[in-house]
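S.K.: Got a predicted model here, sequence first, then my questions.
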Amino acid sequence: DEPTGNLDTENGANIVSLLKSLAHEKNRCVIIVTHDLSIAGQADVVLRMHDGEVALEG
């Protein structure tokens with residue numbers, strides 16, 4: 001949950017970049033729960049929860 005929530009902007013961006021790189025290199029899925037739209041916007045797939053229902057964004 002919010003892997004970058006307690007980090008400054010630069011280190012938060014570095015962590016997100018690292019997670020994306022590792023996921024693509026190792027063909028793995030990384031699940032991140034966040035309220036930060038800038039982080040969600042970097043994901044390959046975004047699922048949004050609203051009123052208890054999950055929907056694919058986009």
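M.R.: Sure thing, it's come through. Treat the numbers as computed from the prediction; the structure is a model and nothing was measured.
S.K.: Any buried residues in the helix-or-strand element of the chain with minimal mean pLDDT, and which?
M.R.: Of all helical and strand segments in the chain, the minimum by mean pLDDT, DSSP states H and E falls on helix 37-40, at a mean of 90. Neighbour-count burial for helix 37-40, with 16 or more other C-beta atoms under 10 Å as criterion, is recorded at residue 39. Quick note: C-beta positions are derived from backbone N, CA and C, even for glycine.
S.K.: Grab the CA positions of it and hand them over as PDB.
M.R.: Extracted as PDB, the C-alpha positions of helix 37-40 are listed here (Å, rounded to 0.1, in the frame of the first residue of the first chain):
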ATOM      1  CA  LEU A  37      -2.900   9.600  -9.600                       C
ATOM      2  CA  SER A  38       0.600  10.300 -10.900                       C
ATOM      3  CA  ILE A  39       1.700   6.800  -9.700                       C
ATOM      4  CA  ALA A  40      -1.500   5.100 -11.000                       C
END
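S.K.: partner strands of the next helix or strand after that helix, parallel or antiparallel?
M.R.: Scanning forward in sequence from helix 37-40, with DSSP states H and E defining helices and strands, the next element found is strand 47-50. Strand pairing for strand 47-50, using DSSP bridges, gives strand 53-56 (antiparallel).
S.K.: Below-threshold pLDDT in this protein: ranges please.
M.R.: Scanning the chain with the threshold set as pLDDT under 70 gives 1.
S.K.: Relative to residue 32, how far out is the residue lying farthest from the centre of it?
M.R.: Here the chain has its C-alpha centre computed as a mean, and the residue farthest from that point, by C-alpha atoms, centre = their mean, is residue 51 with 20.7 Å. Here the distance between residue 51 and residue 32 works out to 21 Å (C-beta to C-beta, to the nearest Å).
S.K.: Please apply the same query to residue 9.
M.R.: Between residue 9 and residue 32 the distance, using C-beta to C-beta, works out to 17 Å.
S.K.: Alright, calling it a day.
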